[in-house]
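> sequence plus the predicted model coming up.
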Amino acid sequence: MKAVKISFIIFMSLVVILLVLFLSYGTVGYSPKEVIRGLGEFFLRESYNLYERTWWAASPEVVNAALWDYRGLDTVYETTVFYLAVIGCVTVFRLLKEYSPRPSEKTYALTVIVRTVSKIIFAAIILISAVIAFHGHVTPGGGFQAGSAFAIAPLMIIAAFSREFVEKLGLKIDLSHALKSIALLGITTIALIPLFYLGFILQNQYKPWGFFPGFPVGGILTLVSGTIFPLNAAEFINIAMGFLTIFLMISIPEHVFKKEIKGGTHEP
Amino acid sequence: MSPEEAIVTYLYAALFAVFAIAVYGVVVKPNILKKIIALSILGDTANTIIILLGYRTLAKPLPPILPTLTPAKELIREFSMTSVDPIPQVLVITAIVINMAVTALLAFLAIQVYRLYNTLDYREVLKLRRWS
């Protein structure tokens, strides 16, 4: 049995090494090297090309331009995968009745030092994740990154205070579900708007072979990049609220579920 | 072999070593939680390999973000000649978040398994399931 396992590991490692060698040597030669692939260079050249606007995405942040413009459909589907993963977590963890702690249940909180530092860092995380999301089309950042950064904040508060403290802040499961769905609806709406102008799904800027005039570029606060800013904001809300749902579900006490599994209800 | 090539080879070797350890963890460890940890290490290693494929061995490679909102033509051309490949980063940023979501889902399933069977060892779980 041990020999089978070890040979399987060696076989798996060989497969991956050969795959990477094939990818790097077989397609583009030794990688990394000084020249990058043609498609990457195309994105870099055309993403914010003010002088030749046929292929431009109106965002100097090439990663976000590729995410929401050139590969937009792919990102929408990955957002859907994330949404479904959260729905799967909720399905596995569902309670028949809504959980609200009884007054007799003890809640444990950490010391004053930890709580004060957590409060300060909580505010800082919210601020920084908002900056990453809403300025992500100009500077490094984006919706995915901001959502992942935000996800740490409620987790820290749950650890330092308690689950009820987070719910007192207004971050409840129902709210996070609603916001998550609204954000996904927003992404869908923005994706479908160009269709009404005889454009393409997820079209961002004007293209010579489509009739859609393109989303507005420029304006206050250097909102330069058409759909990329609203899509980033919606994605931020989707990812942040998805993780908030997961962490709120995971912090429901053990005995509540034990009773649920055994068939009783947790209410006295 | 130049120093740059030596560094890149060393990076590949280190990543493959981590990859092998992660595969070992996924296959051999009987504890479901350790399997999940190994799986997340596996995902991160794969992401790092993809990022490494998009690097540029220049003296000063730039991040794929234009530093100004009013670039001159020369700046755009120079940017496309010196910036690292954005495509691996685009692939990886979605992969990281999906990886997190999948890890959360697996952790939930592990918690549920523990609540139902009082163990995380998959052999024990199989034994307990045999009666049904």
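Good, I have the coordinates.

> poorly predicted segments of the chain, please.
If you meant another chain, say so; for now it's chain A. Along chain A, the parts satisfying pLDDT under 70 run over A:24-31, A:96-97, A:103-108, A:219-224, A:261, A:263-268.

> I was thinking of chain B, sorry if that wasn't clear
In chain B (pLDDT under 70), the answer is B:129-132.

> grab the nearest non-local neighbour of the spatially most central residue of it.
The centroid of chain B falls nearest to B:Asp44 when counting by Cα atoms, centre = their mean (1.8 Å). Distance criterion Cβ to Cβ, 6 or more residues apart in numbering or on different chains; nearest residue to B:Asp44, sequence neighbours excluded, is B:Asn99 at 7.5 Å. C-betas here are computed from N, CA, C, even on glycine.

> which SSE is immediately downstream of whatever helix or strand B:Glu78 lives in?
With secondary structure defined by DSSP states H and E, B:Glu78 is part of helix B:73-82. Downstream of helix B:73-82, the next assigned helix or strand under DSSP H and E is helix B:86-117.

> against which helices or strands is that following helix packed?
Other elements packing on helix B:86-117 under the criterion 3 or more Cβ pairs under 8 Å, 6 or more residues apart in numbering or on different chains; DSSP states H and E are helix A:38-46, helix A:62-65, helix A:72-92, helix A:143-160, helix A:228-250, helix A:254-262, helix B:32-53, helix B:122-129.

> may I see those arranged in TSV, with distance to B:Val26 as well?
Below are the helices and strands packed on helix B:86-117 laid out as TSV (distance: least, Cβ to Cβ, whole Å):
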stretch	distance to B:Val26
helix A:38-46	32
helix A:62-65	30
helix A:72-92	19
helix A:143-160	23
helix A:228-250	22
helix A:254-262	27
helix B:32-53	5
helix B:122-129	12
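
> deepest-packed of those helices, please.
helix A:62-65 (a mean of 29; mean count of other Cβ atoms under 10 Å in any protein chain shown).

> is it positioned near chain B?
Yes: shown here: helix A:62-65 in contact with chain B (Cβ under 8 Å from any Cβ of the partner chain) through A:62-63.

> who are the packing partners of that helix?
Under the contact criterion of 3+ Cβ pairs under 8 Å, 6+ apart, helix A:62-65 touches helix A:38-46, helix A:228-250, helix B:86-117.

> just the CA atoms of that helix, as PDB, please.
Taking Å, rounded to 0.1, in the frame of the first residue of the first chain, the C-alpha atoms of helix A:62-65 are listed here in PDB:
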ATOM      1  CA  VAL A  62      -4.300  46.200 -17.700                       C
ATOM      2  CA  VAL A  63      -5.200  43.400 -15.300                       C
ATOM      3  CA  ASN A  64      -8.700  44.800 -14.600                       C
ATOM      4  CA  ALA A  65      -9.100  45.700 -18.300                       C
END
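
> of all the helices and strands packed on helix B:86-117, which lies closest to A:Ile113?
Of all those, helix A:143-160 sits nearest to A:Ile113, with 10.1 Å by Cβ to Cβ.
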